[in-house]
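Participant: Sequence and predicted structure below; questions after.
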Amino acid sequence: MADKQSLTSEEWTKLLESPMVAGMEVSAAEPSGLWGALKEAFASSSALVAAKTDPSSSKLIKALVSDSETSEGRSEIKEALRKRFAGAKPADVVQRSLSSLEEVSRLLETKAPNEAAAFKAWLQGISQNVAEASKEGGFLGFGGVQVTDAEKATLADIHRTLGVTA
């Protein structure tokens, strides 16, 4: 099993930030306004809580969640995201996120092949939950669509990048 000790600091940070990156990519594909952004952020962070209590979560996911709950882990994530998205516009966030997930996919295949499929499916699930967290295009909660065409296209890109079926 891959864990923090079997990976370089840079590799661990890349995995550590990946749940947030998966959610941010979908959010940036179709910005939702304040309430939508809050719902999408909650969907992303609730995946960490769910993974912590899910007995079927892999050891790698549980280790990552545990580390992300520490002050040091949160600081690592914050700094990594700041560097990755400095000066980025929404379209840049989508491309930089996709590039990051591509790196994570390769890293998992190389360093954690036995856990790669579960980890990638988890990231894909996070992106799907974020896409479904808030309706887009409605007015005062009425109308709109659950997942926009831009979000669907981004989800398809994520699925392809991670090698996970939709």
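Facilitator: Right, received. Where do you want to start? Note that this is a predicted model, so its numbers are computed, not measured.

Participant: switch to C-alpha atoms for all contacts and neighbour counts from now on
Facilitator: Fine.

Participant: And the lowest mean pLDDT element among the helices and strands of the protein?
Facilitator: Least confident helix or strand of the chain, by mean pLDDT, DSSP states H and E, is helix 33-53 with a mean of 81.

Participant: buried sites along it?
Facilitator: 36-37, 39-41, 43-44, 47-48, 51-52 (16 or more other Cα atoms under 10 Å).

Participant: can you check stretch 3-16 too?
Facilitator: If you call a residue buried by 16+ other Cα under 10 Å, then stretch 3-16 has these buried ones: 3-4, 11-16.

Participant: swap in stretch 159-166?
Facilitator: 159, 161-162, 164.

Participant: Make sure I have this right: residue 31 is in a helix.
Facilitator: No - assigned with DSSP: H, G, I helix; E, B strand; the rest coil, residue 31 falls outside any helix and is coil.

Participant: close enough to count as contact, it and residue 37?
Facilitator: Yes - Residue 31 is within contact range of residue 37, at 7.2 Å (criterion: Cα atoms under 8 Å).

Participant: Going by distance to residue 114, which of the buried residues of stretch 3-16 wins?
Facilitator: Set against residue 114, the nearest of the buried residues of stretch 3-16 by Cα to Cα is residue 3 (12.3 Å).

Participant: got a list of what that closest one touches?
Facilitator: Counting by Cα atoms under 8 Å, 6 or more residues apart in numbering, residue 3 makes contact with 12, 60, 63.
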